[in-house]
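**Q** My questions concern the predicted model and sequence given below.
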Amino acid sequence: MTAGSRGDVAPYTGLGHALSRAGHEVTLVTHGCFERLVAGSGVRFHPMPLDPRAELESERGRNLHRSTTGLGKLVRVVGMARALAGQLTDDMLAAARDSDVLLLAGATTPLGHTIADGLSLPTIDIPLQPLAPTREFGPPMLGGGSWGPVGNRVAGHGVSLAIHRVFSAAVPDARARLGLPRGRSRTPRRARALHGYSSLVVPRPRDWPPHLEVTGYWWPYDGDTQLPSELRKFLDAGPPPVFVGLGSATVPDPARLSGEVVRALRRAGLRAVIQRGWGGLEAAGDDVLTVDEVPHSALFPRMAAVIHHCGAGTTAAGLRAGVPAVPVPIQFDEGFWAGRLVALGVAPRAVPLRKFTADALADAVRRATTDPSYGRRARDIADGLRAEDGFAPVLDAVNRLGG
């Protein structure tokens, strides 16, 4: 069960496919607009209501850009999500009634644990970010900055409370429907959590208890998808271009940002593949091609560098491809992943959207593509990721539950 943007869904298509191949019957429970992501994977689909893109493009969603701090954006998104959370209960409950085990993404855990409590089902939490409080870094949802050991843990608990706040109306309603007493569910405090990213990218915090584990990445299921012919022709017509994409992030002025990106890349003497994404980026010319959704696993290895918003999934895809990066974080955990790319030596610097200029991007991408150290470090990390099997610990955990 997962909710949110495309990046909150795609890794679970690969995880579901791996579990399905191992003989389990798997259902992905998420927003109906993502049904096509599981096509051919052997994973069933149970749609939930809400279109997250439509919500982000609404007046309420556009208000997120009025906050310039991680805390301000978190407060706004909690209010936005709280008004919508109750709409998920019916379908999460219906899907759970047909299940033996619930695997819960971060955004669904408060309601998912309540449903599991009422139906006496075992659960495993499967977050894509390090959500549990730690002294070692600040909460990713606030951008990952550090407030010192004590401040980091306090802020981490604050974010956990904010996530529960999203479901503060939906959980009591679900408990009443399931005949549970008032109060919180029995499971959340020490529920086993398997984190779907690599410890090569974010080392497991030393102060985490044993039930919090890091498995390695769960790569999205791409099947036999091929790159479109127009894109293949563009790639073959010249030197490796740079990828530019903001994934499921939205921006206040897509046309202006697209123009700034193209000016930056032309100053750097680079061709570009621009992905429209939910932000609506678009440009045209002999040296630039605009595309819709394409599998990053097939596209990124052919890039000179990837310029992206640093969502967890896109960050993982860039590292898997072994190419340098230029992070353009916009909100929430994107600043955290951008900081990791810089610390790992894969990216020269981040160019946050609120400080974005063509000159800043041109300088960063020029360094990423001309200094061989960034590509060398990216390839080293990609080699390490290939040696990991993030699916195996989840399969083992499910098997141990007798699912």
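**A** That came through fine. Just so it is clear, the structure is predicted and the values come from calculations on it, not from any experiment. Numbering: from 1, shown residues only.

**Q** only C-alpha atoms for contact and neighbour calcs from this point on.
**A** OK.

**Q** The nearest residue in space to P140 that is not next to it in sequence and L128, how far apart?
**A** Distances taken as CA to CA, 6 or more residues apart in numbering put D333 closest to P140, at 4.6 Å, once the chain neighbours are dropped. Taking CA to CA, to the nearest Å as the measure, D333 and L128 are separated by 10 Å.

**Q** re earlier: tell me the contacts of the residue nearest to P140?
**A** For D333, the contacting residues are P140, M141, L142, G143, G144, G311, A312, by CA atoms under 8 Å, 6 or more residues apart in numbering.

**Q** Please repeat the previous calculation with a cut-off of 7 Å.
**A** For D333, the contact set (CA atoms under 7 Å, 6 or more residues apart in numbering) comprises P140, M141, L142, G143.

**Q** and if you look at A312?
**A** Going by CA under 7 Å, 6+ apart, A312 touches G7, W337.

**Q** Same check on D359?
**A** A264.

**Q** and it, helix, strand or coil?
**A** Secondary structure, DSSP: H, G, I helix; E, B strand; the rest coil: D359 is helix.

**Q** Could you report the pLDDT at it?
**A** For D359, the pLDDT comes out at 94.

**Q** Can you tell me how far it is from L161?
**A** Look at D359 and L161: by CA to CA, they are 40 Å apart.

**Q** Need phi/psi at the residue nearest to G313 when sequence neighbours are not counted.
**A** Closest residue in space to G313, ignoring its immediate chain neighbours: G7 at 5.4 Å, by CA to CA, 6+ apart. Backbone torsions for G7, taken as degrees, to the nearest 10, come to phi -70, psi -20.

**Q** show me what contacts G7?
**A** So, once contact is read as CA under 7 Å, 6+ apart, G7 ends up touching G311, A312, G313.

**Q** Count residues in the vicinity of the last one, would you?
**A** Translated: G313. Around G313 there are 23 other residues, counting by other CA atoms under 10 Å.

**Q** ok, it to L385 distance?
**A** In terms of CA to CA, G313 sits 14 Å off from L385.

**Q** Now do the residue nearest to G313, the pLDDT please.
**A** G7 carries a pLDDT value of 87.

**Q** cool, P181 as well?
**A** The model reports P181 with a pLDDT of 87.

**Q** Using the record's domain definitions, break this structure down for me.
**A** 6-217+388-400, 229-386 (automatic domain parsing).

**Q** Compute the first-to-last residue distance for the longest one.
**A** Chord length of domain 6-217+388-400, first to last residue, is 30 Å (CA to CA).

**Q** Numbering from 46 from now on, please.
**A** Okay, residue one is now 46; in that scheme the one you just asked about reads as domain 51-262+433-445.

**Q** Which residues are in contact with A413?
**A** Here A413 is in contact with A350, P369, A370, A392, P393, Y419 (CA under 7 Å, 6+ apart).

**Q** what pairs with H353 across the strands?
**A** G290, P372 (DSSP bridges).
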